[in-house]
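Peer 1: 3D, please:
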Amino acid sequence: MVSLDERAEILSEALPYILKYKDKIIVIKYGGNAMIDEHLKSLVMEDVVMLTSLGMKVVLVHGGGPEISSMLTKIGKESKFVNGLRVTDEETVDVVTMTLAGKVNKYLVKELNKAGGRAIGLSGLDAGMLTAKQVKPELGFVGSVTEVDTEIILDALNMGYIPVISTVAGDADGNVYNINADTAAAKIAGALKADKLINMTDIKGVLADKNDPSTLIKTINVAEIKQLEKQGIIDGGMIPKLECCVEAIRREVAQVVIIDGRVPHSILIEVLTDEGVGTMFIK
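Peer 2: So this is what the prediction gives:
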C-alpha cells in the first residue's frame, strides 16, 4: 500500500509536468505488446484519457500488423515480408485498409470512449491527411509519407477530441498505401511541431549492454547515434526505429522517447515523473 505521504509526493512531483504540457501536443505511437495484452491495453487507454483530462492534446497513431496477418490468414492469403516490410498487392492493401481504418481504429476509439475520453477515428486518407509515394515496386502498395496536412488533426484537438489515426495514405492517382506506423508517427509529430513523441515498444530502451537492463541509456543526442551504431549498441531492428526518432527531432519535435510499453502505466511515468521510462532523444 502507498502511504498518504507517498501519494502526496507523487502528486507534487507530477505538477510541474502537468503545467509544462498543458495545451501542448503529445503524439503517441501505439504498438507492440501493449496493443495485444488486454490488461496493458486498458492501462494505455486510461493513461491517454488521464493526460487529456489534464489539458494535454494527445494524438494516438497506430498500426496493427498482427491483426492484418490474422485477417489475411482468415481469407487464405499468405503474408510475405521483405526486410521486415509486408509485401502489399491490391488484395492485401484492401485488407490492410479494412483492418487498420476499420476494425483496429474503431476498437481503439470505443475503448478510449469507454475509459471516459472523447475519441474520434481518422485515417491518413481522411481529408488528404497523409500523402504517400511507393517505396519499392517489389513491395507493391507500401508507401512513404511525402506530405502531412494537419488541419483535420488540429481541428479535432481544438474541439477536445482525441484523434486516433490509422496509418494508410493515398496519392494523387487514388492509390492507397500501407505506411509503417513508426515513420507515420514521426512525420505527423513533426508536422504538428509536437512537444513530445512517445514511441511504445517491447524493449526497455537503448542498452549499453544488451544483456544488462541496468545499462539503460536514458538520454541520447542524435549526433551520437552513428557512433553507437559503430559500437554495435544500436543494430538490427533498432536502427529503423531510431531513424524515425531522428526524423522527428529534425522536424522540430522537442522530445522523442522510446518507452517500454510492457511496463504498466508507462505513458504516465514518462510524462509525469522526473525519472521517466525509456530512452530520450534530443537535438
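
Peer 1: for stretch 136-146, give the mean pLDDT please.
Peer 2: Average pLDDT, stretch 136-146: 93.

Peer 1: buried set for that stretch?
Peer 2: Neighbour counts over stretch 136-146 (16 or more other CB atoms under 10 Å) mark 139, 140, 141, 142, 143, 144, 145 as buried. Every residue, glycine included, has its C-beta placed from N, CA and C.

Peer 1: export it as CSV, just CAs?
Peer 2: Taking C-alpha atoms only, stretch 136-146 is exported to CSV below (Å, rounded to 0.1, in the frame of the first residue of the first chain):
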residue,chain,number,x,y,z
LYS,A,136,9.7,0.0,-54.0
PRO,A,137,7.8,-1.7,-56.8
GLU,A,138,8.6,-5.2,-55.4
LEU,A,139,6.8,-4.3,-52.2
GLY,A,140,3.6,-3.2,-54.0
PHE,A,141,1.4,-0.7,-52.2
VAL,A,142,3.8,0.1,-49.4
GLY,A,143,4.4,3.8,-49.2
SER,A,144,6.4,6.5,-47.5
VAL,A,145,4.8,9.8,-46.4
THR,A,146,5.7,12.7,-48.6
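
Peer 1: run through who's touching that stretch.
Peer 2: 82, 85-90, 92-93, 124, 130-135, 169, 171, 175-179, 183-184, 187 (CB atoms under 8 Å, 6 or more residues apart in numbering).

Peer 1: can I have the buried ones of those residues as a PyMOL selection?
Peer 2: In PyMOL syntax, the buried subset of those is picked out as below (16+ other CB under 10 Å):
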select buried, resi 85+86+87+88+92+93+124+130+131+132+135+169+171+176+177+178+179+183+184+187
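
Peer 1: the contacts of stretch 136-146 in strands, which ones?
Peer 2: 82, 85-86, 130-134, 169, 176-179 (DSSP state E).

Peer 1: looking at the residues you listed, which one is closest to residue 53?
Peer 2: Of all the ones in strands among the contacts of stretch 136-146, residue 130 has the smallest distance to residue 53: 28.2 Å, by CB to CB.

Peer 1: OK, contacts around the closest one?
Peer 2: With CB under 8 Å, 6+ apart, residue 130 has these contacts: 124, 145, 147-149, 167-170, 179, 184, 187-188.

Peer 1: can you check residue 124 too?
Peer 2: 130, 132, 145, 165, 166, 167, 168, 169, 170, 179, 184.

Peer 1: how about the strands in the stretch 1-150 of the chain?
Peer 2: Counting by DSSP state E, counting those that start in this stretch, the stretch 1-150 of the chain has strands at residues 25-30, 57-62, 81-82, 85-86, 119-123, 130-134, 142-148.

Peer 1: residue 262: which of these is closest?
Peer 2: That would be strand 25-30 among these, by CB to CB, at 13.2 Å.

Peer 1: for the closest one, list the C-alpha coordinates in CSV.
Peer 2: Extracted C-alpha coordinates of strand 25-30, given in CSV (Å, rounded to 0.1, in the frame of the first residue of the first chain):
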residue,chain,number,x,y,z
ILE,A,25,0.6,18.3,-28.3
ILE,A,26,1.9,14.8,-27.4
VAL,A,27,1.9,12.2,-30.2
ILE,A,28,1.9,8.5,-29.0
LYS,A,29,2.8,5.8,-31.4
TYR,A,30,0.9,2.8,-30.0
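
Peer 1: what average pLDDT does it get?
Peer 2: 97.

Peer 1: equivalent analysis for stretch 251-268, please.
Peer 2: 93.

Peer 1: mind listing what's buried in that stretch?
Peer 2: Neighbour counts using 16+ other CB under 10 Å place 251, 253-263, 266-268 of stretch 251-268 among the buried residues.

Peer 1: again with stretch 103-116
Peer 2: Neighbour-count burial for stretch 103-116 [16+ other CB under 10 Å]: 103, 104, 105, 107, 108, 109, 111, 112, 115.

Peer 1: got a list of contacts for that stretch?
Peer 2: In contact with stretch 103-116 (CB under 8 Å, 6+ apart) are residues 30, 41-42, 45-46, 48-49, 53, 60, 62, 64, 67, 71, 119-123, 162, 164, 166.
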